[in-house]
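K.L.:
Provided below for reference: sequence and predicted model.
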Amino acid sequence: MQKSTAKKIIHSHNLIPRRLGRQLLHAIENNLPMHPEWPRTIDQKQFELYKEQYAQKSKELNNAPYPRNFILYHLIKNRLPEFSWEIQGTGKIYMNTPRIHGLRLSLASLLFCKLDEISDSLLDKKYRCTKILSKEVSRILSDVFNKIDVIYPDEKAMEKIVNWICAGLNQETLTIFSPICPDYSVEATDNPACPYRHTFKSLGSGLGLIAQRILTAIPILIEALTHLGLKVNAVIGIGDFEAYSDANLARLNITRETFLERVTKSKQAFESASVIPMDVQMISDMLGGYHHWLDIYRQFTNQLNTGNFGASELTSEKLLKIVAKRKNLYDRWYGEKSLSDHLPQLMSQGAEYAVLGWMIAKTMKNCVVLGADNDAMSPFYSILQSVPTLFLKRFYC
């Protein structure tokens, strides 16, 4: 960008010029007083607060080595959740900062300027489709996506989410549907990015990892949507149909009756732990009983096995990529196999997701799926018709 253009943007949006910015940051870092010639637009209380926060963070680090401006990044992050940075292996830092007309804002402007009306939200920077939303809506969504730690979808998938939001803004009632797996056993790993993995050696009767994630995320999401004036219902589906798998029962060494007793207790545990009203049901009950679930499941199994992937845009190549993402889990569950040999397991599970998509299409208007399992399975919800999906980042593998 040309200097003349940048200067016009800085002037028209009351941003902080480079020289003043350097002075401000130097004073914060070195606990210096405000300079009498600084403009009145610099809030003194804000300035003093940043000095205190800087000193406190510096004390916490206790002279540990850190990159230049590292503490300032934390101060900005506290103010702007969408701000982020990444330290590469070479030590170089890449920042994700708000921009105004393509101009990346300085650290001083990020700290002191009022950006609510002039800077793009994270969603507006990532997607074209969010431009139809007001800046307030985009900012609130950006904030809540950051808080619940979503996996940001591609443009086409995000467009479905935006359309869902627009339906709510038009006074239509929205539904969030979250499927919950039974409380299968897990074990700790040495991987901080994925601290747990399922072992499937036993079945508990409490809250599994997915249930815990959903219990935390849905109230935050609904609070944000309610703040926007939207009417939202939450529906939770417990995967009780997995009790009818003979392979599951054999692996867990329990009877079907015991399996169903434990998922019933998990349902009760979820209801007790929820801080907001949620409609918690067994998935087979939502479909009129297990035998009806089974009829629909068989129909989708046959459809998928003939290569008919409906409205999902799945292909044989995409199926193998999904298997690759789930191979570690399938190896633990079904024994170590090649990708192609795991395809039957994927088709079986894909049909289960397709049943849920069928149920949503038939019984739930304006519904989005909020998932905490593997986002690679999302296309299977759309075998019958397109279903909006949003997935949370997993802490298990």
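P.N.:
Arrived safely.
K.L.:
From now on I want contacts and neighbour counts done on CA atoms only, so please keep to that.
P.N.:
Fine.
K.L.:
tell me, how many neighbours does H35 end up with?
P.N.:
10 (other CA atoms under 10 Å).
K.L.:
Just the pLDDT at it, thanks.
P.N.:
We have a pLDDT of 83 for H35.
K.L.:
Next: the one 3 residues further on.
P.N.:
Confidence per residue is given as pLDDT, and for W38 that number is 81.
K.L.:
Equivalent analysis for the one 5 residues further on, please.
P.N.:
According to the model's per-residue confidence, D43 sits at a pLDDT of 77.
K.L.:
any idea how far L72 is from it?
P.N.:
17 Å (CA to CA, to the nearest Å).
K.L.:
Who has more neighbours out of those two?
P.N.:
Set side by side, D43 and L72 show more neighbours around L72, with 21 against 13, by other CA under 10 Å.
K.L.:
correct me, but the more buried one touches Q53?
P.N.:
No. Contact criterion CA atoms under 8 Å: L72 and Q53 do not qualify, at 9.4 Å.
K.L.:
What are the buried residues along the strand or helix carrying L249?
P.N.:
Secondary structure assignment for L249, by DSSP states H and E: helix 246-252. Going by neighbour count (16 or more other CA atoms under 10 Å), the buried part of helix 246-252 is 248-249, 252.
K.L.:
tell me the least confident of those residues?
P.N.:
Minimum confidence in the buried residues of helix 246-252 sits at N248, scoring 90.
K.L.:
what about I71, neighbour count?
P.N.:
Neighbours of I71 using other CA under 10 Å come to 19.
K.L.:
if we can go back for a sec, and the next element down the chain from the helix holding L249?
P.N.:
By DSSP H and E, the next helix or strand past helix 246-252 is helix 256-273.
K.L.:
Touching that next one from outside, list them.
P.N.:
For helix 256-273, the external contacting residues (CA atoms under 8 Å, 6 or more residues apart in numbering) are 182-183, 203-207, 211, 215, 238, 240, 243-244, 249, 278, 280-282.
K.L.:
Could you list which of those residues belong to strands?
P.N.:
Using DSSP state E, the members of the contacts of helix 256-273 that fall in strands are 203, 238, 280-282.
K.L.:
Export those as a markdown table, with columns for neighbour count and pLDDT.
P.N.:
Listed next are the ones in strands among the contacts of helix 256-273 as a markdown table, based on neighbours: other CA atoms under 10 Å; pLDDT from 0 to 100:
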| residue | neighbour count | pLDDT |
| --- | --- | --- |
| L203 | 20 | 96 |
| I238 | 24 | 97 |
| V280 | 19 | 98 |
| Q281 | 19 | 97 |
| M282 | 20 | 98 |
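K.L.:
Just the closest of those residues to M95, please.
P.N.:
I238 (40.5 Å; CA to CA).
K.L.:
Quick check: buried residues in the lengthiest helix in the chain?
P.N.:
Secondary structure of the chain per DSSP state H: the longest helix is helix 343-363. Buried residues in helix 343-363, counting neighbours by 16+ other CA under 10 Å, are found at 343, 346-361.
K.L.:
ditto for stretch 161-176
P.N.:
161-165, 168-169, 172-176.
K.L.:
Could you do stretch 364-376 as well?
P.N.:
Applying 16+ other CA under 10 Å to stretch 364-376 flags 364, 366-376 as buried.
K.L.:
ends of it, how far apart?
P.N.:
23 Å.
K.L.:
and what of stretch 226-243?
P.N.:
End to end - CA to CA - stretch 226-243 spans 36 Å.
K.L.:
One more: stretch 195-211?
P.N.:
16 Å.
K.L.:
Repeat that for stretch 267-282.
P.N.:
OK, stretch 267-282 end separation, CA to CA: 8 Å.
K.L.:
Check stretch 303-320 too.
P.N.:
18 Å.
K.L.:
I figured K325 hits M377, correct?
P.N.:
No. With contact defined as CA under 8 Å, K325 does not count as touching M377 (9.8 Å).
K.L.:
Which residue of those two possesses the greater neighbour count?
P.N.:
M377 (19 against 16).
K.L.:
Any idea what the residue positioned nearest the centre of the chain is bridged to?
P.N.:
Closest to where the C-alpha atoms of the chain average out (CA atoms, centre = their mean) is V150, at 1.2 Å. Beta-bridge pairing for V150 (DSSP bridges): L392.
K.L.:
and which of the buried residues of stretch 161-176 is nearest to S382?
P.N.:
Closest to S382, out of all of these and judged by CA to CA, is I161, at 14.1 Å.
K.L.:
got a list of contacts for the host helix or strand of that closest one?
P.N.:
Using DSSP H and E, I161 maps to helix 155-169. Residues outside helix 155-169 that contact it (CA under 8 Å, 6+ apart) are 127-130, 133, 173-174, 228-231, 366-368, 387-390.
K.L.:
So which of the residues you listed sit within strands?
P.N.:
Under the assignment DSSP E, these contribute 174, 367-368, 389-390 to strands.
K.L.:
just those residues now: which is nearest E317?
P.N.:
T389 (21.4 Å).
K.L.:
Spell out which residues sit in contact with that closest one, please.
P.N.:
157, 161, 368-371, 378.
K.L.:
part of a strand, is F177?
P.N.:
Yes. Checked against DSSP: H, G, I helix; E, B strand; the rest coil, F177 lies within a strand.
K.L.:
Pull up the gap between it and N366, please.
P.N.:
Taking CA to CA, one finds F177 at 10 Å from N366.
K.L.:
same check, this time on K125
P.N.:
K125 is 26 Å from N366, by CA to CA.
K.L.:
do L339 as well
P.N.:
Counting by CA to CA, the gap from L339 to N366 is 36 Å.
K.L.:
do the same with R256
P.N.:
From R256 to N366 the distance is 35 Å (CA to CA).
K.L.:
again, but for R298
P.N.:
26 Å.
K.L.:
Next: W333.
P.N.:
Taken as CA to CA, the span from W333 to N366 is 35 Å.
K.L.:
Equivalent analysis for K77, please.
P.N.:
On the measure of CA to CA, K77 and N366 end up 34 Å apart.
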